[in-house]
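Q: When you get a sec, could you give me coordinates for this:
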Amino acid sequence: MSSKASVEIWHTILKYAISVPIFLDVEFIQARGIDQYSYQYPYWQAERIRNTLRRVCHAWSGFLKLYDHRFIRIDDVIHKRVPLTALPSAIRIDLEWIGNCSCAEYCNSVGDIYWDEMQDVWMGALCKYDTYPWKLEIIGGCYGREHMHALGPLVPNLRVMVSQEWGVIFAFGRIISDVGNPLGPQLSMSMCAAANLGTIHMTDPDLSMKISITSGEFPSLRHLIIDVDDMQEPFEQWEFHTFLQYIGPQLRTFHYRYQIHVESLDSSLWSILPNVESIQLPFRWTLSDIPKGHPLKRVQVAAWRILDHFNEESTWDSALSLHCPLSSQRKLSYARDVAWRYLLFEHPSFSLCIWSYFEDNDAHLEDVHGDTLFQYIIFLIKAFWKQPHRTYCRTPSYH
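A: Model prediction:
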């Protein structure tokens, strides 16, 4: 360490150098959507920086070693790339299958050996390290209620649950509402796990949506994202009203991700969500339905859903006006749920259509990474000119 700066200052600089702004943030509103929140690249880039800085000197190496394994994929534990002992110290854990391996031992084996091993490793860790709290704040993926329930007592700092089955989330909440007195230490910690949850991303809302959840079950919940499989029957709007009637007033984000719905939005939803600042809806709706003074600032646009439902180019403008309403009286920010690079290369005509729709109406549109189309094009130009010079020939060389 330099004699010209205190150890504390150098520690602050190093922590800033290896920070991962969105991926390790527990406040969902910092991300523009659940897809960006699950984007792992910034973490691995920060890890490369951390490993480089560790080679500077012994003091830096010792300090930065404290930040080993902030994020762990259970797949890496199975393949012995990360030790099992690291799980309790991880800030974020991903339980989902990566799918980029073809090893004979697990990934290319017959039957369900891979999934069985993943669940065995997970349950083994929960049983082996059950005597003290884990550092876990964010978890992605789910093995079912029977494999997740034991997690509750171990994670008093849990803030975010991504890609979770509703049965697991519901069980976490019911621990609070069904508890009796006096509280045992394990049960008290289990209550904390649900009490501190601020973000829930639900991917399997099969359990009756007619059940209401209360602020007593999830007092810190502010961001709720519901992903419904296209093969499932859509939920009726009154079911959402019932489901949200108690928890709705405390929500700041509500994204209902489902295929485009021809039904018009029941405007009474705004009174159930009086404090929502970011929203995604599959219904037709208008900005005039929003009460005066409502704090809505951001609308998530389901670009792929619109394209899937309206496959005729002549219907795109009409579809956008119904599902992405604009108004000169109320300026909102709009964000697509996919990156420009995917939509531009997969469907350039629709990309230009959706860009023109917002540009003509003087509305701001960005993609899942927060880039406008102009910003993305500038990025492409810069990336192209940074490439090494290439020599092109008219005929292939066979020498």
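Q: what sits against Leu158?
A: Leu158 makes contact with Leu136, Glu137, Ile138, Ile139, Leu151, Ala193, Asn196, Leu197, according to CB atoms under 8 Å, 6 or more residues apart in numbering. From N, CA and C alone the C-beta is placed, and that goes for glycine too.
Q: Could you find the lowest-pLDDT member of those residues?
A: Among the contacts of Leu158, Ala193 has the lowest pLDDT, at 62.
Q: which one of the contacts of Leu158 is nearest Gly124?
A: Set against Gly124, the nearest of the contacts of Leu158 by CB to CB is Leu151 (13.1 Å).
Q: That closest one is in contact with Cys127, isn't it?
A: No: the criterion here is CB atoms under 8 Å, and Leu151 misses it with Cys127 at 11.4 Å.
Q: Which of those two has more residues huddled nearby?
A: For Leu151 versus Cys127, neighbours defined as other CB atoms under 10 Å are more numerous around Leu151 (23 against 9).
Q: Find the nearest non-adjacent residue to that one, please.
A: Once flanking residues are discounted, Leu151 sits nearest to Leu126: 6.3 Å by CB to CB, 6 or more residues apart in numbering.
Q: distance of the one you found from His147?
A: According to CB to CB, to the nearest Å, Leu126 stands 8 Å off from His147.
Q: Also Ala194?
A: Plainly put, Ala194 is 17 Å away from His147 if you go by CB to CB.
Q: Neighbour count: the two, which is higher?
A: Ala194 (24 against 17).
Q: Where does that one fall, secondary structure wise?
A: For Ala194, the host element (DSSP states H and E) is helix 185-195.
Q: Next SSE downstream of that helix?
A: Counting by DSSP H and E, the next helix or strand C-terminal to helix 185-195 is strand 199-204.
Q: Quick check, pLDDT for the nearest residue to His364 once chain neighbours are set aside.
A: Excluding its sequence neighbours, the residue lying closest to His364 (CB to CB, 6+ apart) is Ser333, at 5.3 Å. Ser333 carries a pLDDT value of 83.
Q: What count of nearby residues applies to Ser333?
A: By other CB under 10 Å, 13 other residues sit near Ser333.
Q: residue contacts, it?
A: Counting by CB under 8 Å, 6+ apart, Ser333 makes contact with Lys297, Arg298, Val299, His364, Glu366.
Q: can you redo those residues as JSON lines with neighbour count and distance to Tyr106?
A: Converted to JSON lines, those look like this (neighbours: other CB atoms under 10 Å; distance: CB to CB, whole Å):
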{"residue": "Lys297", "neighbour count": "14", "distance to Tyr106": "45"}
{"residue": "Arg298", "neighbour count": "19", "distance to Tyr106": "41"}
{"residue": "Val299", "neighbour count": "21", "distance to Tyr106": "43"}
{"residue": "His364", "neighbour count": "13", "distance to Tyr106": "46"}
{"residue": "Glu366", "neighbour count": "20", "distance to Tyr106": "40"}
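Q: Out of those, which comes closest to Asp229?
A: Ranked by distance to Asp229 (CB to CB), these are led by Val299 at 22.9 Å.
Q: Tell me the helices and strands packed up against the helix or strand hosting that closest one.
A: If you go by DSSP H and E, Val299 is part of strand 298-301. Applying 3 or more CB pairs under 8 Å, 6 or more residues apart in numbering; DSSP states H and E, one finds that strand 298-301 contacts strand 278-280, strand 333-336.
Q: can you rerun that using 6 Å?
A: The contact analysis (3 or more CB pairs under 6 Å, 6 or more residues apart in numbering; DSSP states H and E) places strand 298-301 against strand 333-336.
Q: how's this structure carved up into domains?
A: Domain assignment for the chain, taken from automatic domain parsing, gives 1-68, 69-386.
Q: Out of these, which is the most enclosed?
A: Mean neighbour count (mean count of other CB atoms under 10 Å) peaks for domain 69-386 among the domains of the chain, with a mean of 17.
Q: Centre of the chain to it, how far?
A: Centre-to-centre, domain 69-386 and its host chain are 5 Å apart (CA atoms, centre = their mean, to the nearest Å).
Q: follow-up on the earlier one: which is the next helix or strand following the stretch of helix or strand the residue nearest to Leu151 belongs to?
A: For Leu126, the element it lies in under DSSP H and E is helix 113-128. Downstream of helix 113-128, the next assigned helix or strand under DSSP H and E is strand 138-140.
Q: what's next to that following strand, contact-wise?
A: With contact meaning CB atoms under 6 Å, 6 or more residues apart in numbering, strand 138-140 is reached by Arg92, Ile93, Asp94, Val160, Met161, Val162, Ser163.
Q: what about 10 Å?
A: Outside strand 138-140, the residues that touch it by CB atoms under 10 Å, 6 or more residues apart in numbering are 23-26, 28, 34, 37-38, 71, 73, 90-96, 148, 151, 155, 157-164, 168, 199, 201.
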